[in-house]
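In: Got a predicted structure here, sequence first:
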Amino acid sequence: MKVILGLGNPGPRYDATRHNVGWWAADRLAYDWGFGAFRQEGPALVSGGVVEGEEVVLLKPTTYMNRSGMALRPFLGREGFHVSSDLMVLVDDATLDAGRVRLRPRGSAGGHNGLKSVQSVLGHADYSRLRIGVGRPPQGADLVDWVLSAMQDEDEERVLELLPELTEAIRVWIAEGIEPAMNRINR
């Protein structure tokens with residue numbers, strides 16, 4: 001089983017914000033793979049199906065960003081689920097230009113509260129994460145205000161154009177592992 005956790009905040013107020021690009025990517029995966037609508041299950045919206053012969057579960061935590069890791073608790077200790085090879089976290093990154101991505105097999109939270117929550121629940125940082133660039137805040141801008149604001153049209157378009165490529169890279173991760181997926185998407 002593969003679990004893909006798209007980080008974001010629930011509610012219409014946050015739908016178009018930079019902080020919700022993880023949800024955007026999860027929505028695109030569900031659409032591209034024909035998984036159907038997300039449904040509320042515990043602390044997350046859940047969708048799923050089979051990709052490349054693997055059961056795939058898409059999660060969108062409804063706990064707000066700083067408690068996102070709670071959505072993973074039902075999967076921990078489940079037979080056949082190995083965090084280091086079977087978990088992918090989709091997350092916004094305000095240190096990358098809009099439309100740039102970084103896929104890594106492990107790493108620090110880098111100050112991101114959603115990743116801090118995931119690492120707190122897991123007890124380690126050995127899980128794959130796909131960082132989606134949302135643009136750097138302007139000089140002197142507050143980072144929290146920046147990520148909780150809507151993107152400029154051209155930045156949003158860059159991210160939306162990237163989503164089909166992310167679907168393919170994640171399909172490669174499911175079928176072949178992290179290294180081939182990194183070779184495909186990192187730029």
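Out: Now that the structure is in, tell me what you want to look at. Numbering: from 1, shown residues only.
In: Note down every partner strand of the helix or strand residue 56 falls within and its orientation.
Out: Using DSSP states H and E, residue 56 sits within strand 54-61. Applying DSSP bridges to the sheet, strand 54-61 is found paired with strand 2-6 (parallel), strand 44-51 (antiparallel).
In: Out of those, which is the most enclosed?
Out: strand 2-6 (a mean of 25; mean count of other C-beta atoms under 10 Å). Every residue, glycine included, has its C-beta placed from N, CA and C.
In: about what we covered before: what does the strand holding residue 56 rub up against?
Out: 1-8, 10, 22-23, 26-27, 29-30, 33, 35, 38, 43-50, 67-72, 75, 174-175 (C-beta atoms under 8 Å, 6 or more residues apart in numbering).
In: Next secondary structure after it?
Out: Immediately after strand 54-61, counting by DSSP H and E, sits helix 83-86.
In: Residues in contact with that next one: which ones?
Out: So helix 83-86 is contacted by 1, 2, 3, 76, 105, 106, 122, 124, 126, 127, 177, 178 (C-beta under 8 Å, 6+ apart).
In: Show me what counts as buried in stretch 148-166.
Out: For stretch 148-166, burial by neighbour count (16 or more other C-beta atoms under 10 Å) applies to 148, 149, 151, 155, 156, 158, 159, 162, 163, 166.
In: Looking at those, spot the one nearest residue 131.
Out: Set against residue 131, the nearest of the buried residues of stretch 148-166 by C-beta to C-beta is residue 166 (11.1 Å).
In: Only the buried residues of the worst-scoring helix or strand of the chain on mean pLDDT, if you could.
Out: Every helix and strand of the chain was ranked by mean pLDDT, DSSP states H and E. The lowest is helix 143-147, at a mean of 93. Judged by neighbour count (16+ other C-beta under 10 Å), helix 143-147 contains these buried residues: 146, 147.
In: now stretch 80-87
Out: 81, 83, 86, 87.
In: Dump the buried residues of stretch 148-166 to TSV, plus distance to residue 92.
Out: Below are these laid out as TSV (distance: C-beta to C-beta, whole Å):
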residue	distance to residue 92
148	11
149	12
151	10
155	12
156	12
158	13
159	9
162	12
163	13
166	13
